[in-house]
Each structure stands twice: as C-alpha cells, then as structure tokens.
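Novice: Attaching a predicted model along with its sequence, questions to come.
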Amino acid sequence: MTVSTCDLSDKHGEHARIPAPVFHNFGARRAFHGRAVTVKCFEDNSRVKEVLATPGNGRVLVVDGGGSTRCALLGDMIAKDAVANGWSGIVVFGCVRDTAVLEGLDIGIKALGTNPRRSTRRGEGTLHIPVDFAGIQVKEDDIVAADCDGIVVIAAKHATEIG
C-alpha cells in the first residue's frame, strides 16, 4: 500500500517538492510510487519507448516533454510494454493517447492531457538528467509518489521507506 501524498507532504515538509496541479490520471492505478528514471524529450518519444522496454523494477518514468500538447509521447503499445516490464508509473509533462486502453492497464499514468497525434521518432532525447517542469525539479533516483491528490517528489537522501 502506498502512503498518501498528503501524508508524505506533511511528513517531509520543505523537502517535499510538489508540482503545479496540472496533471490528470490515465492509468488504472490511481496511486503509485517508486524511484525516478528521467527523460527529457520534445515531441519525440524514442527514449520513452527505449526505457519502458527495459525492466522497471517498480520505478517511475518521469518524462519532461516540454509541456507540448501538439502530440502524444505515450500510447497504448508503449504503456503495455511498461506494464509487462514492471514499471510502477509514468509521469508525462506532455500528452498521452489511446486513453480508453490506458485506463485499463495496471500502471499509474499522469499527464497534462491527450492528443491523438503520435510523436516523431528521430532518436532524440536525453536520459538520466535532472528535469524541470511544473515548478519543480526531478532528479534520477528521487522518490516519486502520486495519487488522486497529486504528485510529491522527495530527494532520495531525505526519503524513508514509502508504503
């Protein structure tokens, strides 16, 4: 069971980073948590597909898509790979698509919105770097927890075991 984001915020105070409330739920899991793996990309989901095809071990992929709403960085096929590979969740500062399928998948997905247009695949994007969006920074291995109240990010050095 996951500790609520409200409780984490209370417990960690100033060490709890909370992004602006701009994200919506799309996966079947409404609560999820895990260590962050980061990707920075813009309208190219090559690295998203690449990472989610590897073992997730309960981690959360955090995608800084630059806030673009012109195309989707995640759809049903890549999300199905994430489920099969044991990812706990995905946070996309951008859009997703195939939401009728996403809502039935056993994974947490938070994103800005939806767009039926797929992204390009030119092999662009950067992995494992700090990403900044919605007023916070997320670093590789930070703890990311999400539920219906929002998202909380805690630096690994300040985190204790969560749920």
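Specialist: That came through fine. Residues are numbered from 1 along each chain as shown.
Novice: I'd guessed Asp147 sits against Asn25; true?
Specialist: No - using CB atoms under 8 Å, Asp147 makes no contact with Asn25, being 9.0 Å away. All C-beta spots, glycine's among them, are computed from the backbone N, C-alpha and C.
Novice: Same drill for these two, tell me which one is more crowded.
Specialist: Asp147 (21 against 17; other CB atoms under 10 Å).
Novice: show me what contacts the residue lying closest to the more buried one once chain neighbours are set aside?
Specialist: Spatial nearest neighbour of Asp147, excluding adjacent residues (CB to CB, 6 or more residues apart in numbering): Ala31 at 4.0 Å. Each residue near Ala31 by CB atoms under 8 Å, 6 or more residues apart in numbering is listed here: 2, 4, 108, 145-148.
Novice: what ranges do the helices span in this protein?
Specialist: Here the chain has its helices, by DSSP state H, at 5-12, 46-52, 76-84, 99-102.
Novice: Quick check: buried residues in stretch 122-131?
Specialist: By neighbour count with 16 or more other CB atoms under 10 Å, stretch 122-131 contains the buried residues 125, 131.
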